[in-house]
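Peer 1: Sequence first, then the predicted structure, then my questions.
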Amino acid sequence: MTFVHPLLLAGLALVGIPVLIHLIMRQQPKHLFFPALRFLLQQQRTNQRKLRLRHLLLLALRILLIAAISLALARPKIFSERLNLTTDRPVAAVMIFDTSPSMEYTVGGRTRLDEAKRRSLELLETLPQGSRVAVLDTVDQGGEWLHSLSQARERIGNLEIRPNNYPVTSQIIPAYELLGKLAETPDLPDEAPRGVLFVFSDRTIACWNANQMDQLQRRRDQLPAPGITALFVDVGVENPASVALTNVEAPNQIIPSNKPVIIRATVKAIGTSCDTEVVCQIGKNEPGERKPVILEAGQSRVFTFERRGLPPGLHQAEITLATKGPLPFANVGYATFTVQGPHQVLVVADDVANARIFKLALETREAFQCEVISLGEARKLFPQELGKYRAICLLGLAKPDFTIWERLEEYVKRGGGLAVIPGDQETDPSSYNLAAAQKLLPGKLIRAVIADEVEKGAVWSAATYQHPVMAPFGEWSKNETVDFLQPDKEPKASGYWEIELPKNQDAYVIVFYGEKKPALIERNLDRKTYRGHVMLFSTPLDDANISGKDSFGNNRPYWNNYLKSSFYLVLVHKTIGYLAGDADSGNFNHPCGQNILIPLPQTPRFPTYMLQGPGLSNAESVVTVNPTQSDLPITKAVMPGNYKVFGADGRAMAAFSMNVAPEESQLDKVPLEKIEALFGPGAVLPIDQKTNFQDAMQNHWNQPLELLPHLMILILLVLIVENLLANKFYRRQPDEESQEPGSKLIHEFSR
């Protein structure tokens, strides 16, 4: 119970006034000597008992009268546990609507969101005049009070299913903020409209984030007294039955042209068994591959689709169920991947013939297409022309100049991979230590270290095989059949360049030689500026220094034994493949609601791009980009489906897929105790189409009851009874004046 004017309760002290008056006005019986004394004493005792009873009754009525007046002035209120929206007092109602894809579950042609909207409109009809309403959904965070109930009806009518959702718990704190500020606004906080929170949801697992409970409970406890009433209206189906495509994934999204494309689809039978098919169609002109699906209720199974022979480029797949369930978004899934042709690699050498073995090693497995040019030709290429190559190798250059380093820096900034492989003693270290070169290289060349025999060379250290380039070597070391891991064929370098690493730890040594000398180093570039990678080798890999013969057939010393086994081939493939992007898994598949950054190609560049996909307006299809941006931001692609990005030349330069989060297909209910821990016991209201919403809410309300009208009626009744009894008890008898003096004395004595 609360009071509007609690200080006026001090008036209850006035209940002592009737007691005081009673004691002052108390009549004492008169003592008379009379012959028939025995009879009179008996009559006296009888009359005294009647007199005492009358006085006590009037005393109680007068005390009750003063107490009722004091209580009425203090305006007490009590709280009823029954829902009663028909009172005259306005309420402040915040309605949170779950608009996640699971609310699209359809029964009788009506989705769960349709049911929530219908029930909320019924609720609006029962709200007292002057009530305030705020309508929040689980996509647009936050909200505000609407100006009228008609505006609330319009806002509810415009709600629709959107896949980029948050749990309903994310909107509870904004709801508390709205209700808390409203309660603090009036001069008399108790005069504020009663705060009510309604959550309309299907109560599926994805709608409730238990990790937010502590924060929500703390904010709830901070609300001004007497707090708010919260009700979770469960519009979900009690026993859902559906077959759902819960997940679609492409494990490898960048696939070499000589490898198969693999797509996995997970199908689940929810609440019922199913006998249907799942169909995977890649491209619009390709026939779909079908697989039978026979599952018992509650079972799920992963179906794998494999395709070979797809041409290089971007591809998109659509996976569908032959039988459509009541959950529309779970009937179809999407996947994007790219089939990658040979990497274009540019090799720059002083002598083109000196790169023959290197070029042959790259092109052996058809994973690379290699072009070899001289340093003079390379100086003529601008960054736009270099952009068509996935990796560039400086192979044995004696004296690279400032121009080539400057253009390579721009190339690496745009995402290109650079391999720097010094030559023999004729190499000028100062050319590699230029300021322009050191912006890219992970160290400085100091001097060439040469041993007399290869057998005395430095051995690669297996303990450092942790980089993506060298990780396969660790696996191969467990296989005794790998030739270059045999004791007599292990890779050694009898000649190598001593490299001074920067003091700022800006370099990562991928592999050491046995004496802790760097063999292969990568530069830790700032990823905000440089999108590519740079690697520095410490031993030559050109023909003259690994074969013992130069291009003229003259004998040369061996700098390493890499060509004595398959190690040379493996090393070239792994390092250049890493620089060309093989280590990048690629990510073309995203959950709905995620903003996407698409790397822009080095060339060509356009000021605007066209986005094509489901649910996009004409304005949303145009994406603009600043000339300085290296990525294209995509923020309007929110609906599930396949999307493509086209340049101004009309060619598709990127593609991706959006899918609803797999947890939206989980139709299991959130346990009642988790919701009641925040909203209170009995706060969850299960409701179906046959339930009357008003009746269902009758036991879920905490509405204050104003006692002032009842007290005023009580005061009036007490006054009437007190006056009637006082007149009856103290009125003079009509014949009292005509009695004999003796009789009068006897009468007085008897009183």
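Peer 2: Arrived safely, thanks for sending.
Peer 1: tell me the contacts of the nearest residue to residue 217 once chain neighbours are set aside?
Peer 2: Nearest residue to residue 217, sequence neighbours excluded (Cβ to Cβ, 6 or more residues apart in numbering): residue 678, at 6.2 Å. In short, each C-beta sits where N, CA and C put it, glycine included. Shown in contact with residue 678 (Cβ atoms under 8 Å, 6 or more residues apart in numbering): 172, 213, 216, 217, 220, 230.
Peer 1: Just the buried ones from the residues you listed?
Peer 2: 172, 216, 220, 230 (16 or more other Cβ atoms under 10 Å).
Peer 1: residues contacting the last one?
Peer 2: Put plainly, it is residue 230. 196, 197, 198, 199, 678, 679, 680, 683.
Peer 1: Let me know the secondary structure of it.
Peer 2: Three-state call for residue 230 (DSSP: H, G, I helix; E, B strand; the rest coil): strand.
Peer 1: Could you measure from it over to residue 156?
Peer 2: Remark: distance between residue 230 and residue 156 (Cβ to Cβ, to the nearest Å) = 19 Å.
Peer 1: Likewise for residue 273?
Peer 2: With Cβ to Cβ as the criterion, residue 273 and residue 156 are 38 Å apart.
Peer 1: before we move on, what about residue 543?
Peer 2: 76 Å.
Peer 1: now residue 322
Peer 2: 36 Å.
Peer 1: which one of the two has more residues nearby?
Peer 2: residue 156 (21 against 14; other Cβ atoms under 10 Å).
Peer 1: where does the more buried one land in three-state SS?
Peer 2: Residue 156 is classified as helix under three-state DSSP.
Peer 1: And it, how close does it get to residue 118?
Peer 2: Distance, residue 156 to residue 118, by Cβ to Cβ: 9 Å.
Peer 1: try residue 609
Peer 2: Residue 609 is 42 Å from residue 118, by Cβ to Cβ.
Peer 1: go on, residue 563?
Peer 2: Separation of residue 563 from residue 118 (Cβ to Cβ) stands at 78 Å.
Peer 1: who wins for most neighbours among the contacts of residue 230?
Peer 2: residue 199 (30 neighbours).
Peer 1: Show the contacting residues for it.
Peer 2: With Cβ under 8 Å, 6+ apart, residue 199 has these contacts: 96, 98, 168, 172, 230, 231, 232, 233.
Peer 1: For the second one, grab the count of nearby residues.
Peer 2: Using other Cβ under 10 Å, the number of residues around residue 98 comes to 30.
Peer 1: Please report how far it lies from residue 126.
Peer 2: For residue 98 relative to residue 126 (Cβ to Cβ), the value is 22 Å.
Peer 1: Please apply the same query to the first one.
Peer 2: Taking Cβ to Cβ as the criterion, residue 96 is separated from residue 126 by 19 Å.
Peer 1: what's the answer for the fourth one, then?
Peer 2: Taking Cβ to Cβ as the criterion, residue 172 is separated from residue 126 by 23 Å.
Peer 1: What of residue 69?
Peer 2: Remark: distance between residue 69 and residue 126 (Cβ to Cβ) = 35 Å.
Peer 1: Flag every buried residue along stretch 576-585.
Peer 2: For stretch 576-585, using 16+ other Cβ under 10 Å, the buried residues are 576, 577, 578, 579, 580, 581, 582.
Peer 1: wait, is the last one part of a helix?
Peer 2: Spelled out, it's residue 582. No: per three-state DSSP, residue 582 lies outside any helix segment and is coil.
Peer 1: on that earlier part again, just give me the closest of the contacts of residue 230 to residue 252.
Peer 2: Nearest to residue 252, judged by Cβ to Cβ, of those is residue 199 at 41.8 Å.
Peer 1: distance between stretch 617-637 and the chain's centre?
Peer 2: 23 Å (Cα atoms, centre = their mean, to the nearest Å).
Peer 1: contacts for it?
Peer 2: Contacts for stretch 617-637 (Cβ under 8 Å, 6+ apart): 413-415, 531, 595-600, 605-613, 616, 643, 645, 654, 656, 658.
Peer 1: buried subset of the residues you listed?
Peer 2: 413-415, 531, 596, 598, 600, 609-611, 613, 616, 643, 645, 654, 656, 658.
Peer 1: all strands in the stretch 501-650 of the chain, in order from the N-terminus.
Peer 2: 507-512, 518-523, 534-537, 589-591, 596-599, 608-612, 622-624, 631-634, 641-646 (DSSP state E, counting those that start in this stretch).
Peer 1: neighbouring strands for the first one, and are they parallel or not?
Peer 2: Sheet neighbours of strand 507-512, with direction, are listed as strand 518-523 (antiparallel) (DSSP bridges).
Peer 1: Repeat that for the third one.
Peer 2: In the sheet containing strand 534-537, the strands it pairs with under DSSP bridges are strand 417-421 (parallel), strand 518-523 (antiparallel).
Peer 1: Which positions within the helix or strand where residue 676 lies qualify as buried?
Peer 2: Per DSSP states H and E: residue 676 is located in helix 672-679. The neighbour-count check on helix 672-679 (16+ other Cβ under 10 Å) flags 672, 675, 678, 679 as buried.
Peer 1: which residues of the stretch 1-150 of the chain fall in strands?
Peer 2: For the stretch 1-150 of the chain, applying DSSP E, counting those that start in this stretch gives strands covering 2-3, 76-80, 91-97, 106-107, 110-111, 132-137.
Peer 1: about what we covered before: mind putting the contacts of residue 230 into TSV with pLDDT?
Peer 2: Shown next, in TSV, are the contacts of residue 230 (pLDDT from 0 to 100):
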residue	pLDDT
196	90
197	93
198	94
199	95
678	94
679	92
680	89
683	88
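Peer 1: Pipe the contacts of residue 199 into JSON lines and attach pLDDT per row.
Peer 2: Output for the contacts of residue 199, formatted as JSON lines (pLDDT from 0 to 100):
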{"residue": "96", "pLDDT": "96"}
{"residue": "98", "pLDDT": "96"}
{"residue": "168", "pLDDT": "95"}
{"residue": "172", "pLDDT": "95"}
{"residue": "230", "pLDDT": "91"}
{"residue": "231", "pLDDT": "92"}
{"residue": "232", "pLDDT": "94"}
{"residue": "233", "pLDDT": "93"}
